[in-house]
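Peer 1: predicted coordinates and the sequence they were generated for:
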Amino acid sequence: PGEIPQFPALSAQEMAGGENEYRRIRVPPHRLTPLRQQWNHVMQPVVEHLQLQIRFNPKLKSVELKTSEHTRESGAIQKGADFIQAYMLGFEVQDAVALLRLEDLYVDSFEIKDVKTLHGDHLSRAIGRIAGQDGKTRFAIENATRTRIVLAETRIHVLGSYQNISLARNAICDLILGAPPGKVYNKMRNVSKRMSERF
């Protein structure tokens, strides 16, 4: 019997038929200054971990990613785009980097009005209930469900694994619907107890 041929792994460029792939992610105005200040931290994981080329296009106010002959992973460009997108939504660089390192993480976004239609003071109070005093409620939900939460006016972005996001989402929905934070705290305490028992 003949030898089984051993083929080297294809690079991302070869898998795309020798073409380079591009992605462009728009930078919202309120993220321009943080991006300028943290550019090195944003650029480093994209270049070192994913072997992608990255640049900021000032004319289009967007971050552009491109594969090269050094890019090994076929899904690298999508991972890079997800990471940059998460940063643009308001997540810290060190939290967004988890999207590159772990497989089952993603970002879920929803509006307060998807849960309940609120206006004026009622809307402000709902946002206040989610954040809590000095962000206490938000941190409690984050720590209990092992997620990261960004409150961007009436939009809420949650980063985590599928199961953890649904736990965090349930807690946030309870708060939007008017549940007192104390009740949600107790629920979160039970959730974190269950999660620590599971691991």
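Peer 2: That came through fine.
Peer 1: pLDDT below threshold where in this protein?
Peer 2: 1-2, 7-18, 198-199 (pLDDT under 70).
Peer 1: mind jotting down where the strands sit in it?
Peer 2: Secondary structure of the chain by DSSP state E: the strands cover 22-26, 53-57, 62-66, 105-111, 148-152, 155-161.
Peer 1: which of the ones you listed sits most buried?
Peer 2: strand 155-161 (a mean of 21; mean count of other C-beta atoms under 10 Å). The C-beta positions use only the backbone N, C-alpha and C, and glycine is treated the same way.
Peer 1: by contact count, what packs against it?
Peer 2: helix 76-89, strand 105-111, strand 148-152, helix 162-176 (3 or more C-beta pairs under 8 Å, 6 or more residues apart in numbering; DSSP states H and E).
Peer 1: identify the residue nearest Leu177 in space, chain neighbours excluded?
Peer 2: Leaving aside its chain neighbours, Leu177 sits nearest to Lys116 (5.9 Å; criterion: C-beta to C-beta, 6 or more residues apart in numbering).
Peer 1: residues contacting the one you found?
Peer 2: Ala126, Ile176, Leu177 (C-beta atoms under 8 Å, 6 or more residues apart in numbering).
Peer 1: what subset of these is buried?
Peer 2: Ala126, Ile176 (16 or more other C-beta atoms under 10 Å).
Peer 1: ok, back up a step: which one of the helices and strands packed on strand 155-161 lies closest to Asp95?
Peer 2: strand 148-152 (4.6 Å; C-beta to C-beta).
Peer 1: the longest helix belonging to the chain to helix 162-176, inter-axis angle?
Peer 2: Secondary structure assigned by DSSP state H gives helix 181-198 as the longest helix of the chain. Calculated by axes from the mean of the first three to the mean of the last three C-alpha atoms, to 10 degrees, helix 181-198 forms an angle of 170 degrees with helix 162-176.
Peer 1: which residues sit against helix 181-198?
Peer 2: By C-beta under 8 Å, 6+ apart, helix 181-198 touches 129, 132, 137, 140-141, 143-146, 167, 171, 174-175.
Peer 1: just the buried residues of the residues you listed.
Peer 2: Arg129, Gly132, Thr137, Ala140, Ile141, Ala144, Thr145, Arg146, Leu167, Ala171, Asp174, Leu175.
Peer 1: take the helices and strands packed on strand 155-161 and lay them out in a markdown table including distance to Ser196.
Peer 2: Output for the helices and strands packed on strand 155-161, formatted as a markdown table (distance: least, C-beta to C-beta, whole Å):
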| stretch | distance to Ser196 |
| --- | --- |
| helix 76-89 | 26 |
| strand 105-111 | 20 |
| strand 148-152 | 19 |
| helix 162-176 | 13 |
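Peer 1: nearest to Glu69 among these would be which one?
Peer 2: helix 76-89 (12.6 Å).
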